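S.K.: need a structure here:
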Amino acid sequence: MLTESPTATPGISGTMPLVMTVPEAALLLGMSRRRCYRAVEADAIPNMRVGRRIMIPTARLLAQLGLPLDDIAWAAEPTTTAPRPSVGEGPVAS
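M.R.: Take a look at the predicted model:
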């Protein structure tokens, strides 16, 4: 999610999606949607098409900008969850 934070790099929160839309990239870069679409068309911004949608790979964009990738938690990382109970361990239905 993109947020505004005066103490962090502008537009970057602790968790970033693996890919973002052109309007999200425009917000992150502080430019208009139209200018961002033009930069994508000129291949100035890394992009890929998924059907008719244009997606921006977040890591490639941040690397192109020279921003560190080490402190970013990626939204698609697996989360730790409680182990599922084995058969017969769960509550008994009556």
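S.K.: Let me see the residues that make contact with the lowest-mean-pLDDT helix or strand in the chain.
M.R.: With mean pLDDT, DSSP states H and E as the measure, the helix or strand of the chain carrying the lowest mean pLDDT is strand 73-74 (a mean of 76). Counting by Cβ atoms under 8 Å, 6 or more residues apart in numbering, strand 73-74 makes contact with 14-18, 58, all of which sit outside it. Any C-beta I mention is one placed from the backbone N, CA and C, and that applies to glycine too.
S.K.: Check stretch 34-47 too.
M.R.: By Cβ under 8 Å, 6+ apart, the residues outside stretch 34-47 that reach it are 22-23, 25-26, 29, 31, 54-57, 60-61, 64.
S.K.: what about 6 Å?
M.R.: The set of residues external to stretch 34-47 that reach it, using Cβ atoms under 6 Å, 6 or more residues apart in numbering, is 22, 25-26, 54, 56-57, 60-61.
S.K.: Could you work out the end-to-end span of it for me?
M.R.: Using Cα to Cα, to the nearest Å, the end-to-end distance of stretch 34-47 comes to 15 Å.
S.K.: Now do the buried residues in it.
M.R.: Of the residues in stretch 34-47, those with enough neighbours to count as buried (16 or more other Cβ atoms under 10 Å) are 36-37, 39-40, 45-47.
S.K.: Pull the most distant pair out of the residues you listed.
M.R.: Y37 and P46 (14.1 Å; Cβ to Cβ).
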